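S.K.: Any chance you can model this:
(chains A and B)
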Amino acid sequence: MRITQTHLHQLANTSVRNARERLIEAQQVAVSGAKVTKPSDDPALASRARLTRSLLAQSDSHQRNIDFGTLQLDRGEQALAAVSNVLVRAKELALAMATDTINGTQRTLAAGEINELRGAAIDLANTQIGEEYVFSHVNTTSPPVDSVGNFTYDADLHQSVRRAEVGPAAQAEVGASGSHAFAQRAADPSSVDVFAVLGDLVIDLNANDTDAIRASVDQLNTAMDQVIAERSRLGLRSNRLQTASESVQDTKTVYRKLESDLVDADAAEAFSYLNLAETGLQAALAVTARILGPSLLDSL
Amino acid sequence: MGGINDILNTGRSALLSQQAAISVTARNTANANTVGYHKRDVILTSQVNPRGLVASDARRDTDAYLARKMLTAEGGVGSASAKRPSLTAMEQLFADREGGLGDTLDAFFNALRNLEVSPMNLDLRRNVLTTGETVAQTVSAVAESLTLERRQADQVVDGIVARVNDLTADIASINKQTSNTPAAAEELLDRREVLATELARYVDVSTFVRGDGQMVVLFAGGSVLVDRDRAAQLTSTPDATYGDMRRVDFVGRNGTITDVTSKISTGQLGGAIALRDATITSFIDRLDQFAFDLATEFNTVHRAGFGTDASSGRNFFDPPAGVAQAASTFALVAGLSGNPDQIAAASSAVNAIGGNGNLLALQALEDQRLAASGVRSFVEELADMLGEIGRSVQSNEQAYETASIESEQLILLNASATGVSIDEEMIDLTRYQRGYQAGARLIHTVNTMFDAIMQL
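M.R.: Next up, the predicted model:
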C-alpha cells in the first residue's frame, strides 16, 4: 500500500488522540471514584443507581420517622412514669386520710396536696416536645387537657394513635394515647378519668367524707392500672420502632452496597487502568515520534 | 541516424522535459498537506520527431465507489456531530444529582412521609410545600430547557440551508468553468471534490461525474441538486405543521417546491431535524406525560383529604389543562404556597386537625404504578428517562465513532491512491535532477563535439 503524508499524520493524530481520550476517561474514574459519572457511561446502571438512591432516600425518611416517633414515645413514657408516681403518692395520702384518727384540718391540708398533685398530673398530660403535645390525638398544637382538668377533645371520638410509615409498606404507631391513659371512655366501662378521680378526692377530703375517701382508693388503683397499661403499650410501640429501625439500617446497608457496586469504581482496577492508559499514551507518543521522524529529506 | 544538431535537440528536449517533471514534483511537494489535492503523475513519453522526450502530467482520480462511500460517511459524522452538543446538554438536565429531577421527587415524597409523624408541625408542612414547589419548578425548568434546545436545533437549519445553497452554487460554477477552460480544470476538480465532501457533511447527497467531466449532485430521494451549471435551491420557512419549526423545501429548476424536511436523514441538517422533531420532542412528550400524571393523580388523592380547616376538594398542583405543556406549566395551585394548613393531611373532617390518614395515601403514590400508562411508578419513570437519555447519548456517540472511523479509513484509502508521499517526491526529485544533469551533459558533449569539429 502506498503510504502518503496524509496517511502518516492522520494515523499519528488518531492514535495520540485516542490514547489521550482513554487517559482522560481513566483520570475521571480515578479522581471521582465512580465508574458511572454520567448516564451515557452506562445507561442501565445509571438508571438502576437512580432507583437505588431513591430507595436510600426513602429509608432515610423512614429513619427520621422512627427517630421522631421514638422521641415522642420516650417522652410519653417518662410522663406516664411521673404520673404513676403522682398516683402512688395520691393513693398513700388517700389511705392515710381514710383512717378515722385523722381530723378535718389534716384532711383539708391533704386536699391541698392532692390538688397540687392533680395539677402536676395535668401538666404531665400536657407534656410537650418542642411545641407539640405528646398526648394529643389530634391537634398537637393545643394542650389535650385544660388547666382545670377537662379534655379539650372528645376522648371517645379520638382514641386511635397516630400511625406513620417506618419501612417499605410498614406502618407503626408513633404516639402516646391521652385517651387511653387518662380518660374515661365509653368503649371501656372500667376506665376512669384520672383528673376527675383526683378532683373527686380533693372534694371528698375537703368534705371530710371518710367513706368516699376510702372508695377513691379503688378508683386510684384503676387509674394507676390504666396509666401503667398505656405505659406498657408505649414500651411495645418503642420495641416495634426499634425493630423497624434495625430493619431500616439493614435495608440502607444493602442499598448502599448495591449503589456502590453499581457506580463506584474499584480503586485497584481504576488505578491499574490509569497506569495502563498512561503507558498507552507514552507508547503512542513514542511511536508517533519514531514514525514521523525519519524522512528521506534527512538523508538527501 | 540524426546529425549533431539532432542530438542537441534531443538534449534540449531532455532538459525541458526533466525540468517540467521537476516542476510537477515541486508542485506535488508544495501541496503535500493541501486538503483535496490529488497527486499529479509525471508522464514522460519518448518522441520520434524530433527525437527526444516530452513530459506531461496527469491527475490521479478518486475511485467513484470510494467517493460515494466517503460522502455517506461524512453524512454520518455530520449528523452525529450536530446532535452531540444538544444531547450532552440534555444528559446534564436529566443527570442524577442534588437538585435533579429524581432527587427533588424523592425529597417531596419523603417530606410527606415525615409529616405523617407530626401532621400539625408547621415546619414539616412548609417543607412539603417547598419540596412540592421544587418538584414543579425543576420539572418545568427541565421542560423549558428542552424547548430551548429544540429551538436552538431549529435555528441551525437556516445557516445550514444557506451554506448548502452556497456550496451547490459553487459546484455549479466549477462545472461551468471546467467546460469553458478544460486546461485549468485540474485545480477546479480538486476544489469541486472538497466542496462535495463539505456538502455531504450538511445534507444527504450523492455525486457522480459525467463522461464530460461535469459533476451531478443528487439530493436525498433522487432529486437533482446540481447538474452542469445549474443548482437547485433549498429554502427554510417556519411552519405551523412542524410546531413552528422550519420546513425545508426543495425548489426545483422549474420552480416547483417540494417539502423535503422528513427526507433529509443524514448530515448536519438531517441531524438537526431528527434532533428537534424526534429526539427532543420525545423527551418533552414524556416529561409532559409525567407531569400530567403526577399532578392529576396527586390532586385526586389530595382532593379527597382535608386541610386543618376541615374542608376538602382542594388541589395541590395546578391542574394541567392537558398533557401538552403539562411539564412547562407545572406549578403548585395558586394560593397554596402561603397556606401550609391547606395540605390535605387528614382523611376525614373529624380528624381535620392533626389527622394524617390522607398523607399515608399521598405518599403511597410514590410506589404505585401510575406513570407511563401504569407501567412504572413516578420514581421509576424518572429513572427510566435517565436511562433513555443515557442510551440516546451513548448510541449517538457510537454512531459518531463509527462514522468517524469509517470516514478516516476512507480518507486514508483515498489518500493512499491520490495523496502525496514526500519520500516518493524526494526520490522523483533526485531522479529528475539526475536526468536534468544527464541532459546538460549531453549538450556539453555536443558542444565539445562541435569544438572538435571547429578545430579541424
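S.K.: now chain B, which segments are flagged as low pLDDT?
M.R.: Applying pLDDT under 70 to chain B flags residues B:1-2, B:182-184.
S.K.: does the most centrally placed residue in it count as helix, strand or coil?
M.R.: The centroid of chain B falls nearest to B:A82 when counting by CA atoms, centre = their mean (2.3 Å). What DSSP: H, G, I helix; E, B strand; the rest coil gives for B:A82 is helix.
S.K.: thinking it is in contact with B:G271, fair?
M.R.: Yes: if you go by CB atoms under 8 Å, B:A82 and B:G271 touch, sitting 3.2 Å apart. Every C-beta, even on glycine, is put in place using the N, C-alpha and C of the backbone.
S.K.: So which bits of the stretch 101-250 of chain B are right by chain A?
M.R.: Within the stretch 101-250 of chain B, the residues that sit near chain A (CB under 8 Å from any CB of the partner chain) are B:102-103, B:105-107, B:109-111, B:113-114, B:116-121.
S.K.: do you know how far the residue lying closest to B:A67 once chain neighbours are set aside is from chain A?
M.R.: Distance criterion CB to CB, 6 or more residues apart in numbering or on different chains; nearest residue to B:A67, sequence neighbours excluded, is B:T207 at 6.9 Å. Remark: distance between B:T207 and chain A (CB to the nearest CB, to the nearest Å) = 21 Å.
S.K.: Let me know the secondary structure of A:V138.
M.R.: Under three-state DSSP, the three-state class of A:V138 is coil.
S.K.: how about the residue nearest to it when sequence neighbours are not counted, phi and psi?
M.R.: With sequence-adjacent residues excluded and distances taken as CB to CB, 6+ apart, A:V138 is closest to B:G354, at 3.5 Å. The phi and psi values for B:G354, taken as degrees, to the nearest 10, are phi 90, psi -10.
S.K.: burial count for residue 57?
M.R.: No chain was given, so I picked chain A. Burial of A:A57 is recorded as 19 neighbouring residues (other CB atoms under 10 Å in any protein chain shown).
S.K.: Switch to chain B, please.
M.R.: B:D57 has 17 neighbours, counted by other CB under 10 Å.
S.K.: so who does it touch?
M.R.: Listed by CB atoms under 8 Å, 6 or more residues apart in numbering or on different chains, the contact partners of B:D57 are B:20, B:24, B:40-43.
S.K.: So which bits of the helix or strand hosting it are buried?
M.R.: Using DSSP states H and E, B:D57 sits in strand B:52-59. Neighbour-count burial for strand B:52-59, counted by 16 or more other CB atoms under 10 Å in any protein chain shown, picks out B:52-53, B:55, B:57, B:59.
S.K.: Ok, stretch B:151-162 next?
M.R.: By 16+ other CB under 10 Å, the buried positions in stretch B:151-162 come out as B:152-154, B:156-157, B:160-161.
S.K.: cool, and stretch A:244-254?
M.R.: The neighbour-count check on stretch A:244-254 (16+ other CB under 10 Å) flags A:244-245, A:247-248, A:251-252 as buried.
S.K.: what do you get for stretch A:35-46?
M.R.: By neighbour count on 16+ other CB under 10 Å, the buried set for stretch A:35-46 is A:35-43, A:45-46.
S.K.: Could you export these as TSV, including pLDDT?
M.R.: Below are the buried residues of stretch A:35-46 laid out as TSV (pLDDT from 0 to 100):
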residue	pLDDT
A:K35	84
A:V36	83
A:T37	82
A:K38	86
A:P39	88
A:S40	89
A:D41	88
A:D42	90
A:P43	91
A:L45	90
A:A46	90
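S.K.: quick one: the helices in chain A?
M.R.: Along chain A, the segments classed as helices by DSSP state H run A:5-32, A:43-98, A:104-125, A:178-182, A:194-207, A:210-263, A:267-292, A:296-299.
S.K.: Which one of these lies nearest to B:G252?
M.R.: Distance to B:G252, taken as CB to CB, is lowest for helix A:5-32 among the helices of chain A, at 38.1 Å.
S.K.: Which other helices and strands does the closest one contact?
M.R.: For helix A:5-32, the packing partners by 3 or more CB pairs under 8 Å, 6 or more residues apart in numbering or on different chains; DSSP states H and E come out as helix A:267-292, helix B:378-418.
S.K.: now, which of the residues of the stretch 101-250 of chain B next to chain A sits nearest B:F219?
M.R.: Distances from B:F219 to those, taken as CB to CB, are shortest for B:G102 (44.1 Å).
S.K.: Pull the number of nearby residues for the closest one.
M.R.: Look at B:G102: counted by other CB under 10 Å, it has 26 neighbours.
S.K.: what's it in contact with, if anything?
M.R.: Listed by CB under 8 Å, 6+ apart, the contact partners of B:G102 are A:50, A:53-54, B:96, B:379, B:382-383, B:386.
S.K.: Which SSE is immediately downstream of the helix or strand harbouring it?
M.R.: Remark: B:G102 resides in helix B:101-117, with elements defined by DSSP H and E. On the C-terminal side of helix B:101-117, the nearest following helix or strand under DSSP H and E is helix B:122-180.
S.K.: relative to helix B:122-180, how tilted is whichever helix or strand comes after that next one?
M.R.: With elements assigned by DSSP H and E, the helix or strand that comes after helix B:122-180 is helix B:185-202. Angle, helix B:185-202 to helix B:122-180, by axes from the mean of the first three to the mean of the last three CA atoms, to 10 degrees: 160 degrees.
S.K.: for helix B:185-202, packing partners?
M.R.: Where contact means 3+ CB pairs under 8 Å, 6+ apart, helix B:185-202 is packed against strand B:52-59, helix B:64-94, helix B:122-180, strand B:205-209, strand B:215-219, helix B:267-274.
S.K.: Indicate the residue of the stretch 201-350 of chain B located nearest to chain A.
M.R.: The minimum distance from the stretch 201-350 of chain B to chain A, using CB to the nearest CB, falls at B:V350 (6.4 Å).
S.K.: what's around the spatially closest residue to that residue that is not a sequence neighbour, how many residues?
M.R.: Distances taken as CB to CB, 6+ apart put A:L157 closest to B:V350, at 6.4 Å, once the chain neighbours are dropped. Close neighbours of A:L157, defined as other CB under 10 Å, add up to 12.
S.K.: what's the distance between A:L157 and B:G99?
M.R.: 44 Å (CB to CB, to the nearest Å).
S.K.: likewise A:S160?
M.R.: Distance, A:S160 to B:G99, using CB to CB: 38 Å.
S.K.: ditto for A:R107
M.R.: Using CB to CB, we find A:R107 at a distance of 69 Å from B:G99.
S.K.: and if you look at B:S416?
M.R.: B:S416 is 53 Å from B:G99, where distance means CB to CB.
S.K.: Which one of the two is surrounded by more residues?
M.R.: Neighbour count, other CB under 10 Å: between B:S416 and B:G99, B:S416 has more, with 15 against 9.
S.K.: In this structure the more buried one contacts A:R2, no?
M.R.: Yes: contact criterion CB under 8 Å: B:S416 and A:R2 qualify, at 5.0 Å.
S.K.: give me every residue that touches residue 283.
M.R.: Going with chain A. Under the criterion of CB under 8 Å, 6+ apart, the neighbours of A:A283 are A:A19.
S.K.: that answer is for a different chain, and I need it for chain B
M.R.: For B:F283, the contact set (CB under 8 Å, 6+ apart) comprises B:90, B:94, B:146, B:385, B:388-389.
S.K.: repeat for A:Q128
M.R.: A:Q128 neighbours (CB under 8 Å, 6+ apart): A:V134.
S.K.: what's the answer for the one 4 residues further on, then?
M.R.: Contacts for A:E132 (CB under 8 Å, 6+ apart) come out as A:140-141, B:118, B:120-121.
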